[in-house]
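Visitor: what's the 3D shape of this:
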Amino acid sequence: MEKLLANQVALITGASSGIGYGVAKALADAGAAVVLNYHSHADAAQQLADEIERAGGAALAVQADVADPAQVDTMFDTCRARFGTVDIVIANSGVQKDSAFADMTLQDWQTVLATNLTGQFLTAQAAVKEFRRRGPHDVSKALGKIICMSSVHEVIPWAGHVNYAASKGGIQMFMKSLAQEVAPERIRVNSIAPGAIRTPINKDAWDTEAAREKLLKLIPYGRVGDVEDIGKAAVWLASDDSDYVVGTTLFVDGGMTLYPGFADNG
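Guide: Numbers count the residues shown, from 1 in each chain. Purely as a prediction, here's the structure:
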């Protein structure tokens, strides 16, 4: 049976760890050739690329800072040089620089917005230009697919993390506005908003029994998510199975956005 993403090329930013790593594996398992962008963890990205190739897939690790337009352009040039084009772009790169609001430095504010929001702008802009340059081909009903990685914090306020929450709230309207603009060209733009996912960036929230019990009070479904949960969602959104899904945020959060604190009338 043909795989959902056979004969397509996917670029995943921030693919050397966490959600990006899991999404890259899932897209490769679904038949896509994958370009694994990393910022500073070259060994992890290369190990994943080697693993995918040993399994019979095609993969390439590429270094780039997504907040730098010149590096983003070079990243897409590298995609074209190896695979000819790109069909699926997962704008996943993200960072956290947490502090109380009054103590937050301008640098930490700008660093988070530069990677989480400007990085998605630059990545998506380069993707749209590449889809237009390449034109239609028969691997997908869409001209191209862009998936923005957001968070439940695009709708849930998060005290002590105003830079991160602001960046994710920005992604919500960025994604919808972009989707509205390019949908007539058959470019599909959507977002995934993960809830609590078991990754190194939030290890303190799930690594001990006490921390896990506290976290689970926020998750009606009763478990912490895994990167595979996000990977499966990404495969579906990138495939023709979701061809009529445009400008939508898919929350993959175990019900966190149901605000479980109000389950007993608050």
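
Visitor: Any idea how many residues pack against the residue nearest to Asp226 when sequence neighbours are not counted?
Guide: Nearest residue to Asp226, sequence neighbours excluded (CB to CB, 6 or more residues apart in numbering): Arg198, at 5.5 Å. (C-beta placed from N, C-alpha, C; glycine too.) When counting by other CB atoms under 10 Å, one arrives at 19 neighbours for Arg198.

Visitor: So Arg198 sits against Asp229, correct?
Guide: No - at 9.5 Å, Arg198 does not count as touching Asp229 under the criterion of CB atoms under 8 Å.

Visitor: The top strand by length along the chain - contacts with which helices or strands?
Guide: In the chain, assigned by DSSP state E, the strand with the most residues is strand 187-194. Strand 187-194 sits against helix 119-134, strand 144-149, helix 162-182, helix 227-238, strand 249-252, with contacts defined as 3 or more CB pairs under 8 Å, 6 or more residues apart in numbering; DSSP states H and E.

Visitor: secondary structure class for the nearest residue in space to Gly119 that is not next to it in sequence?
Guide: Sequence neighbours aside, Val66 is the residue nearest to Gly119 in space, at 3.5 Å (criterion: CB to CB, 6+ apart). Secondary structure, DSSP: H, G, I helix; E, B strand; the rest coil: Val66 is coil.

Visitor: Report how many residues lie close to Val66.
Guide: Val66 has 26 neighbours, counted by other CB under 10 Å.

Visitor: again, but for Ser167
Guide: For Ser167, the count of nearby residues is 28 (other CB under 10 Å).

Visitor: how near is the residue lying closest to it once chain neighbours are set aside to Arg198?
Guide: With CB to CB, 6+ apart as the criterion, Ser167 has its nearest non-adjacent residue at 3.6 Å, and that residue is Asn116. Using CB to CB, to the nearest Å, Asn116 is found at 20 Å from Arg198.

Visitor: how about stretch 139-158 as PDB, C-alpha atoms only?
Guide: Once non-C-alpha atoms are left out, stretch 139-158 reads as follows in PDB (Å, rounded to 0.1, in the frame of the first residue of the first chain):
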ATOM      1  CA  VAL A 139       2.200  14.300  -5.800                       C
ATOM      2  CA  SER A 140      -0.500  16.200  -3.900                       C
ATOM      3  CA  LYS A 141      -3.800  17.900  -4.600                       C
ATOM      4  CA  ALA A 142      -2.400  21.100  -3.000                       C
ATOM      5  CA  LEU A 143       0.300  23.200  -4.500                       C
ATOM      6  CA  GLY A 144       2.000  23.100  -1.100                       C
ATOM      7  CA  LYS A 145       1.400  22.600   2.600                       C
ATOM      8  CA  ILE A 146       2.600  24.700   5.500                       C
ATOM      9  CA  ILE A 147       2.000  23.600   9.100                       C
ATOM     10  CA  CYS A 148       2.800  26.100  11.800                       C
ATOM     11  CA  MET A 149       3.700  24.700  15.200                       C
ATOM     12  CA  SER A 150       1.800  26.600  17.800                       C
ATOM     13  CA  SER A 151       0.700  25.800  21.400                       C
ATOM     14  CA  VAL A 152      -2.300  25.700  23.600                       C
ATOM     15  CA  HIS A 153      -0.900  29.000  24.800                       C
ATOM     16  CA  GLU A 154      -2.100  30.700  21.700                       C
ATOM     17  CA  VAL A 155      -5.400  30.700  23.700                       C
ATOM     18  CA  ILE A 156      -4.500  29.900  27.300                       C
ATOM     19  CA  PRO A 157      -2.700  32.800  29.100                       C
ATOM     20  CA  TRP A 158       0.600  31.900  30.800                       C
END
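
Visitor: what about Gly144, distance to Asp229?
Guide: Gly144 sits 25 Å away from Asp229, going by CB to CB.
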